[in-house]
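Enquirer: Structure, please.
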Amino acid sequence: MHKRLLSKTIHVGISTLLSRLFGIVREVLMVRYLGATGLSDAFLTAFKIPNSLRKIFAEGALSAAFVPTIVHIIKYKDQSAIAGLMTLGFIVFEGCVLLLCSLIMLYAHTIISYIAPGFSPEQIQNTIPMLYILMPLIFFISTSALLAGALQAIGHFFIPAIAPIVMNGVFIIGILVCMFYNLPVTYLCRFVLLGGVIQCILHGIIYIRLRFSYALPTYEDIKVFGSVLLTFLLCLPTISVMEIALFIDTSFASLLPPGSISLLFYANRFAGIPLGVFAVAFSTIILPHLSYINSYTPRRLHFYLLESAKLIFWITIPVALLMAFFSHNIFETIFLSEKFTLAHVYEASAILRAFLCGLFSFSLNKILLNIFYSMHAAWIPALISLCVTLINIVLNILFIEKFQTVGLAYATTCSSIIQMLLFIVVLYKKYQFRLFWKNFIQFVIRYLVQLTLYGSTFVLLYSLCTSIIINYMPPVLVFFLLKTILLWFWVGILTLLIAVAMWYSRKKFGIYLYFLGR
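Expert: All right, here's what the predicted structure looks like:
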């Protein structure tokens, strides 16, 4: 079973990685197109409203509420039994989405003023037409999320994973067209909306091909849907607390100099690469499995929490250290241009390091939430997440004056760590979870010993290679190998060698992981 989970995680992770790589290309082109300016802040604010609602309303809470219920129905009945529930879900959720879109578009000026209180009247006027075009995006994305819940319940993860790649591809084409023909940003907004439409169509085709259907809801469907709706409402503040925190950060960043929203966005995009490629993929795959475990052997969830924490630590810590080490190089080699200056590079790299401090907690929170949802205890993380959101606001107020955008990122990281600790305490106190502290601490110590040894070796080899390049190669080649994207070719090879060495020597350090077949 653990090998099948890992295999599916790898497949979804690869799809997510491709999507994130497309996302990097997208951001690079965005910097060339808009830079880190007031106009880019306006576009990203308009884009963030439907995009954040997508993560909060659609892909997050909707999936968490629907997937365990659908898994349960299919398990005890059959696939056709969810037809009425899907119909009811589509009518209610998409009806609410359309109403929400209409209200946001009707009161666009007021909403933007509250979301970005630091925007000038000109920036608000620039943002409104973009928001009008982008707002319907959430309807198509939420429809895709609803269909994806049914697909994931029967183990079909390919289309939900590949759809964002298609959307990013359309986004990239849109930027290229706008740059080539020197078109205004509103044309790019239309391309983004088109990407959402295509993603929705893909999910609809597969939904029909896998013989899912719609039917008139029965009284039983209405009762089940009431439970789903309650879970959904409880999940809203919980499943997307990081997204809510980033939304709050955007509001505070609007009070800072122009370009601050863009810098936060770009840094968060890079921090989101390992989070999406592994943590989100793993939590997506494991949610249906945790629901099955809770039905048969609930106490086995304790073991799964331990092994999930070990696996997440094993992956996120070296990735966070590596990205922090190269944070300046990431933005210098990829983004540095006339519209993204060296000052932007320094600030963005500092923001990225602040986000990376919370990579483990961001990732583990995904699993902890799924454990609560598998036990049908959504109200507890909802209360915790509301408290954490308030803490995040307070920390933003405390940090923003002294640390500016970097302080906003640290506030989000601190809030995530607090959320993780509160989740664990509740599982231990209320649900008598056995936490296996000694096992986890022993694993951490052994792994840190291995990381220290191989990390030091990596730094020495990197310093040696850099010294050879600087002292023995012509200036032009030095520039290309250290200041451009060519840096990542030889650094990538070096990283791969160290990673392979760590993989094959892990058992010598006493590092055993259930999901890797020990």
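Enquirer: for the lengthiest helix in the chain, packing partners?
Expert: Counting residues, the longest helix found in the chain (DSSP state H) is helix 379-429. Judged by 3 or more C-beta pairs under 8 Å, 6 or more residues apart in numbering; DSSP states H and E, helix 379-429 is in contact with helix 219-239, helix 241-253, helix 260-274, helix 342-356, helix 359-374. All C-beta spots, glycine's among them, are computed from the backbone N, C-alpha and C.
Enquirer: will you turn the ones you listed into CSV that also has distance to Q419 and mean pLDDT?
Expert: Listed next are the helices and strands packed on helix 379-429 as CSV, based on distance: least, C-beta to C-beta, whole Å; pLDDT from 0 to 100:
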stretch, distance to Q419, mean pLDDT
helix 219-239, 9, 75
helix 241-253, 6, 75
helix 260-274, 16, 86
helix 342-356, 15, 93
helix 359-374, 6, 86
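Enquirer: Let me have these in TSV, extended by distance to Y431 and mean neighbour count.
Expert: What follows is the helices and strands packed on helix 379-429, written out as TSV (distance: least, C-beta to C-beta, whole Å; neighbours: other C-beta atoms under 10 Å):
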stretch	distance to Y431	mean neighbour count
helix 219-239	16	18
helix 241-253	20	23
helix 260-274	29	24
helix 342-356	30	22
helix 359-374	9	24
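Enquirer: Turn those helices into CSV, columns for distance to L210.
Expert: As requested, the helices and strands packed on helix 379-429 are exported to CSV (distance: least, C-beta to C-beta, whole Å):
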stretch, distance to L210
helix 219-239, 20
helix 241-253, 29
helix 260-274, 30
helix 342-356, 37
helix 359-374, 24
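Enquirer: Quick one: closest of the ones you listed to Y304.
Expert: When the helices and strands packed on helix 379-429 are compared by C-beta to C-beta, helix 359-374 sits nearest Y304, at 7.7 Å.
Enquirer: Helix 219-239 and the closest one, what's the angle between them?
Expert: Helix 359-374 and helix 219-239 are oriented at 160 degrees to each other (axes from the mean of the first three to the mean of the last three C-alpha atoms, to 10 degrees).
Enquirer: who touches C189 in this structure?
Expert: F43, A46, F47, M130, I133, L134 (C-beta atoms under 8 Å, 6 or more residues apart in numbering).
Enquirer: right, and the last one touches V192 too?
Expert: Yes: between L134 and V192 there is a contact under C-beta atoms under 8 Å: 6.2 Å.
Enquirer: Overlap of the contact sets of these two?
Expert: In contact with both L134 and V192: F47, using C-beta under 8 Å, 6+ apart.
Enquirer: centre of the chain versus the one helix or strand R190 maps to, how much separation?
Expert: R190 belongs to helix 185-209 when assigned by DSSP states H and E. Its chain's average C-alpha position is 20 Å from that of helix 185-209, according to C-alpha atoms, centre = their mean, to the nearest Å.
Enquirer: Can you list the buried residues in it?
Expert: Buried residues in helix 185-209, counting neighbours by 16 or more other C-beta atoms under 10 Å, are found at 185-186, 188-189, 191-197, 199-200, 202-203, 206-207.
Enquirer: Could you pull out the buried residues of stretch 329-344?
Expert: The neighbour-count check on stretch 329-344 (16+ other C-beta under 10 Å) flags N329, I330, F331, E332, T333, I334, F335, L336, K339, F340, H344 as buried.
Enquirer: what two of these are the furthest from one another?
Expert: Going by C-beta to C-beta, the pair spanning the buried residues of stretch 329-344 furthest: N329 and K339, at 19.2 Å.
Enquirer: List the contacts of the residue nearest to E220 when sequence neighbours are not counted.
Expert: Once flanking residues are discounted, E220 sits nearest to G84: 7.9 Å by C-beta to C-beta, 6 or more residues apart in numbering. Each residue near G84 by C-beta under 8 Å, 6+ apart is listed here: A215, L216, P217, T218, E220, D221.
Enquirer: Check which helix or strand the third one maps to.
Expert: Taking DSSP H and E as the criterion, no element holds P217; it sits outside all helices and strands.
Enquirer: who touches it in this structure?
Expert: Contacts of P217 (C-beta under 8 Å, 6+ apart): G84, L85, T87, L88, F225.
Enquirer: before we move on, the earlier item: how far does the longest helix of the chain sit from its chain's centre?
Expert: 17 Å.
Enquirer: same for the helix or strand following it, what does it pack against?
Expert: As assigned by DSSP H and E, the chain's next helix or strand after helix 379-429 is helix 437-472. Applying 3+ C-beta pairs under 8 Å, 6+ apart, one finds that helix 437-472 contacts helix 300-325, helix 475-483, helix 487-505.
Enquirer: For my notes, please list the ones you listed in CSV and give mean neighbour count, mean pLDDT and distance to S349 for each entry.
Expert: Formatted as CSV, the helices and strands packed on helix 437-472 follow (neighbours: other C-beta atoms under 10 Å; pLDDT from 0 to 100; distance: least, C-beta to C-beta, whole Å):
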stretch, mean neighbour count, mean pLDDT, distance to S349
helix 300-325, 19, 89, 9
helix 475-483, 13, 89, 14
helix 487-505, 14, 92, 14
